[in-house]
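Student: Predicted structure and sequence below. I'll ask about it afterward.
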Amino acid sequence: MKSDIGITSSFIAELWALRDGLMLCVDRNFPAVVVEMDAKVIIEVLNNPNNTNLIISSIVDDCRKLASRIPRIQFEHCYRETNRSADMLARMGANQSSSFSFHSSPPEDVKPLLEFDISELYLNRRYPVPLVNF
């Protein structure tokens, strides 16, 4: 299922990963899916059917067609700080030798991040603050 996309932008890589994930959801006949991504522009593109871009139109069209096959689907933006388990899984996938792997339960390295998510505690977002001389 995983496609070899070579060297590309993070934007295109996110779209390819989304398409692969939506294909998996369709293949498994999931009746409801919530897609949370920290790529806000992708969420905006998918939530606005009038939004088009010739460079990415084919993969966005693929994502929209796959999403239409899922009875209840919702696309939501989340901040990077709340998406740490997905980032960990992406790093693990980038370093694996096989082209695709499916986990029936979370890998051990991801469990603490999921437990933190379940706890509903907040993680403060850090912003660099420039020093100002008065």
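Tutor: Structure's in. What do you need?

Student: Model confidence for residue 133, exactly?
Tutor: You'll see residue 133 listed with a pLDDT of 68.

Student: swap that for residue 113, please
Tutor: 85.

Student: Surely it is in a strand?
Tutor: No: using DSSP: H, G, I helix; E, B strand; the rest coil, the assignment for residue 113 is helix, not a strand.

Student: Spell out the residue ranges of the strands in this structure.
Tutor: 32-37, 72-77 (DSSP state E).

Student: okay, those strands in CSV with mean pLDDT and mean neighbour count next?
Tutor: C-beta here means a position set from N, CA and C on the backbone, and glycine is covered the same way. As requested, those are exported to CSV (pLDDT from 0 to 100; neighbours: other Cβ atoms under 10 Å):
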stretch, mean pLDDT, mean neighbour count
strand 32-37, 92, 15
strand 72-77, 93, 14
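
Student: Mind checking the ones you listed for the one nearest to residue 44?
Tutor: Closest to residue 44 of the strands of the chain, according to Cβ to Cβ: strand 72-77, at 8.0 Å.

Student: now the angle between strand 32-37 and that closest one, please.
Tutor: Angle of strand 72-77 versus strand 32-37, following axes from the mean of the first three to the mean of the last three Cα atoms, to 10 degrees, is 10 degrees.

Student: Strand 72-77: partners in the sheet, and parallel or antiparallel?
Tutor: As defined by DSSP bridges, the strand partners of strand 72-77 come to strand 32-37 (parallel).
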